[in-house]
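Enquirer: Sequence and predicted structure, then a few things I'm wondering about:
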Amino acid sequence: MWLGPSLALIGAVVAYPAALLIRASLSQYSVTGLYQGSVGLRNYARLLRQEALTTVVANTLVWVTVIVMVTLMLSLGLAQFLDKSFPGRRLVRWALIVPWAASLIMTSKLFVWIYDYYFGILNPMLQSLGVLHHPVDWLGDDSTVMGAMITVGIFVSLPFTTYVLLAGLQAIPADVFEAARVDGASAWRTYRSVTFPLLRPALLVAAVLNIIYVFNSFPIVWTLNDRNPGFGHDTMITYMYKIAFKSSLRDVGLAAALGVVNVLLILLAVLVYLRSVRWRAQEA
Amino acid sequence: MAVEISVAGARGAFRRVRLACAGLLLALVVTAPYLVMLFTAAKPVGELRASPPRLTPVAWHWDTFVDVLRDPGFQSWLRVSLSVALASTALVVLAAVPAAYYTARHRFRGRTAFLFLVLVTQMFSPTALVVGLHREFFELGLINTYAALILTNAAFNLAFAIWILRAFFASIPREIEDAAAVDGCGRLRVLVRIVLPLSLPGVVTAGIFAFIAAWNEYIVALTLMTDPDKRPLTVGITSYVTAYVQHWNSLFAASIITIVPVVVLFALIERHLVGGLTAGSVK
């Protein structure tokens, strides 16, 4: 069977663990991970009673919305810029690839160093520019840590988004712009009435895929928020991970319940994605 | 071109220079954090804790790169990363080629369902399923095995390979295959002898993508590989900076050694990335 190997892989490493996740969410486990029987929906009820849940859900909302919105806005400009022809354009495209190709965990460690209160380069730089008067403990101060993490999130989301929008721009036939020019439309008018509407499908795809990627993002929050105790700056993904694997908790059942919620949210986003691209097998 | 030296031409040239300068600035801004990485890696230990911190080293100390390459820990992580990434790449290509070929050439019951399944796996990162994945490999006794890591990487990167290969296969004219079939080639031989050589760039693209994704994978390795000797680079190098030791220069030298090859590979497949990641919805 031609599809056999693919189906076997997906079945063994995607479908089966998904089933185990659901089962785990209905079960109880010892701290060492041994199965101790079914508990029905009790894990879900416990999840709702977690003190940290409200904060974590709010963090996730801020994390996803701000990153996706800002990334899209910046990428619209970047894509427009890269669509022009000028010497060195390849260089810019390659530069943009670096944050995309680099391992996220290494980029996250890099920003821990850049943000460092004592030895990081960010504080002295901002001070010499006159933006700051005193150094800020970016990752230790409750009021700045989310913003600092979101900045990194935007930084690593820009390349993919810009590339998708650039591909969208380049798919617009040149004669459309020619027609607008003949009609005497200004550059801004052309952008608003011609480019932007034609770019909407690409924008939609970039938005939904980014929502999924950013929601799923783990290394940035995991690394930059490493020093802070508790769950004050966690997203639903890192919160789930801490419940499951951080030494003091190790509550598989509770983590699995949150895991199921996360999976359902992603599934919802996938459905929105499919609707938005009017996905049909023939086209894919 | 050179004939027309008009005001408009001069203005165009001026505009191109301005754009090029803006481009250069943009390239610098995007890579600036990684320059900090490079400069920090090149600082001697004494300068890491200089106050106030300097951007560039006073004395450039490239030896850290050599030290990292000689570090048995780093060599072990590198070996694991290479083996896991290569094995999962091979697995991805082996599984994706027949699936992509079959779905590109045949309409059959369940085809839509299959492609839908593939798309869903692409949207799900292992992150969302990590608790389930851990349960599975824990119950199978596969914690701390390369097999667990290889299989996970392969499964989650299958989708990109299938989309890319389908596009390449579909672009090959059917007549070539029909001719080969008339000459007595079986379906498998047509695929191996005719179709694959013609779509080699697609196979390379799919392979490179699978390799990079496995090379950069973090959360599954962090969760499943608790034995320090079996950790890949992404997890291993974080041990250069912990609560007890702070070898930032080694961490960043190792990071640069890890990042540079994949940036080059990524640049090679740049053109195909968007198509593979958006599953044909954006042209």
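Expert: Done, it's in.

Enquirer: Residue 100 - how many residues pack around it?
Expert: No chain in the question, so chain A it is. Neighbour count for A:Trp100, taken as other CB atoms under 10 Å in any protein chain shown: 22. Using the backbone N, CA and C atoms, a C-beta is placed for each residue, glycine as well.

Enquirer: Please refer instead to chain B.
Expert: Per other CB under 10 Å, the neighbour tally for B:Ala100 reads 29.

Enquirer: Report the secondary structure element holding it.
Expert: Here B:Ala100 is covered by helix B:72-105, with elements defined by DSSP states H and E.

Enquirer: which residues in the chain form strands?
Expert: No chain specified, so I'll use chain A. For chain A, the strands defined by DSSP state E cover A:27-29, A:35-38.

Enquirer: Just give the closest residue to residue 126, not the sequence neighbours.
Expert: You didn't say which chain, so I picked chain A. A:Leu132 (4.2 Å; CB to CB, 6 or more residues apart in numbering or on different chains).

Enquirer: meant chain B, my bad for not saying
Expert: Excluding its sequence neighbours, the residue lying closest to B:Pro126 (CB to CB, 6+ apart) is B:Val220, at 4.9 Å.

Enquirer: For the one you found, report the pLDDT, please.
Expert: pLDDT for B:Val220: 93.

Enquirer: Now do the same contact list for it.
Expert: B:126, B:130, B:133, B:148-149, B:152-153 (CB atoms under 8 Å, 6 or more residues apart in numbering or on different chains).

Enquirer: So it, which state does it fall into?
Expert: Here B:Val220 is recorded as helix under DSSP: H, G, I helix; E, B strand; the rest coil.

Enquirer: how near is it to A:Leu126?
Expert: As judged by CB to CB, to the nearest Å, B:Val220 and A:Leu126 stand 37 Å apart.

Enquirer: Compare the contacts of B:Val220 and tell me which is most surrounded.
Expert: Highest neighbour count within these: B:Thr152, with 30 neighbours (other CB under 10 Å).

Enquirer: So for that residue, what's the pLDDT?
Expert: 93.

Enquirer: which residues touch B:Trp62?
Expert: B:Trp62 sits next to B:Ala42 when contact means CB under 8 Å, 6+ apart.

Enquirer: circling back to that earlier point, specify which member of the contacts of B:Val220 is nearest to B:Gly23.
Expert: B:Asn153 (35.4 Å; CB to CB).

Enquirer: Going by neighbour count, which residues in the host helix or strand of the closest one are buried?
Expert: Using DSSP H and E, B:Asn153 falls within helix B:146-170. Across helix B:146-170, burial judged by 16 or more other CB atoms under 10 Å in any protein chain shown covers B:146, B:148-169.

Enquirer: Out of those residues, which are close to chain A?
Expert: By CB under 8 Å from any CB of the partner chain, the members of the buried residues of helix B:146-170 lying near chain A are B:151-152, B:154-156, B:158, B:162-163, B:166.

Enquirer: Redo the residues you listed as TSV? Include distance to B:Val97.
Expert: Output for these, formatted as TSV (distance: CB to CB, whole Å):
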residue	distance to B:Val97
B:Leu151	18
B:Thr152	20
B:Ala154	13
B:Ala155	16
B:Phe156	18
B:Leu158	11
B:Ile162	9
B:Trp163	13
B:Arg166	10
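
Enquirer: so which of the residues you listed comes closest to chain A?
Expert: Of all those, B:Ala155 has the smallest distance to chain A: 3.7 Å, by CB to the nearest CB.

Enquirer: For that closest one, give me its contacts.
Expert: A:9-10, A:12-14, B:121.

Enquirer: which one is it nearest to, not counting chain neighbours?
Expert: Closest residue to B:Ala155 apart from its sequence neighbours, by CB to CB, 6+ apart: A:Val13 at 3.7 Å.

Enquirer: I'd say that neighbour and B:Leu151 touch.
Expert: Yes: between A:Val13 and B:Leu151 there is a contact at 5.1 Å, judged by CB atoms under 8 Å.

Enquirer: what number of residues lie near the residue lying closest to A:Val156 once chain neighbours are set aside?
Expert: Distance criterion CB to CB, 6+ apart; nearest residue to A:Val156, sequence neighbours excluded, is A:Pro99 at 5.1 Å. Number of residues near A:Pro99 (other CB under 10 Å) recorded here: 22.

Enquirer: Also the one 5 residues further on?
Expert: The number of residues packed near A:Leu104 is 22, by other CB under 10 Å.

Enquirer: Could you report the pLDDT at it?
Expert: For A:Leu104, the pLDDT comes out at 92.

Enquirer: Would you map out the domains in chain B?
Expert: Here the domain parsing of chain B from automatic domain parsing is B:7-36, B:72-277.

Enquirer: can you list the ones you listed in TSV and add distance to A:Leu249?
Expert: Compiled in TSV, those are given as follows (distance: least, CB to CB, whole Å):
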stretch	distance to A:Leu249
domain B:7-36	33
domain B:72-277	12
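
Enquirer: looking at those, which is buried most?
Expert: When you average the neighbours per residue for each of those (mean count of other CB atoms under 10 Å in any protein chain shown), domain B:72-277 leads with a mean of 20.

Enquirer: so how far is that domain from its chain's centroid?
Expert: Chain-centre distance of domain B:72-277: 8 Å, with CA atoms, centre = their mean, to the nearest Å.

Enquirer: And for stretch A:252-259?
Expert: The answer for stretch A:252-259 is 21 Å, by CA atoms, centre = their mean.

Enquirer: Does chain B have contacts with that stretch?
Expert: Yes: using CB under 8 Å from any CB, we find that stretch A:252-259 touches chain B at A:252, A:255-256, A:259.

Enquirer: The residue nearest to B:Ala155 and B:Ser250, how far apart?
Expert: With CB to CB as the criterion, A:Val13 and B:Ser250 are 34 Å apart.

Enquirer: Need the residues that contact stretch B:93-105.
Expert: Contacts of stretch B:93-105 with the rest of the structure, by CB under 8 Å, 6+ apart, involve A:2-6, A:8-9, B:111, B:114-115, B:118, B:154, B:158, B:161-166, B:169-170, B:174, B:191, B:195-196, B:203, B:206-207, B:210.

Enquirer: same check, this time on stretch B:32-51
Expert: Residues from elsewhere that reach stretch B:32-51 (CB under 8 Å, 6+ apart): A:98-99, A:102, A:107, A:110-111, A:113-114, A:118-119, A:121, A:155, B:54-62, B:64-65, B:246-250, B:252-253, B:255-256, B:259.

Enquirer: okay, which residue is most central for chain A?
Expert: Residue closest to the average C-alpha location in chain A (CA atoms, centre = their mean): A:Val214, at 1.1 Å.

Enquirer: need the contact list for the closest residue to B:Asp229 other than its chain neighbours.
Expert: Leaving aside its sequence neighbours, B:Asp229 sits nearest to B:Ser76 (CB to CB, 6+ apart; 6.3 Å). B:Ser76 makes contacts with B:229, B:231, B:236, as judged by CB under 8 Å, 6+ apart.

Enquirer: out of the residues you listed, which one sits closest to chain A?
Expert: Nearest member of the contacts of B:Ser76 to chain A, counting by CB to the nearest CB, is B:Gly236, at 10.5 Å.

Enquirer: Determine whether the claim that that closest one is in a helix is correct.
Expert: Yes: assessed by three-state DSSP, B:Gly236 belongs to a helix.
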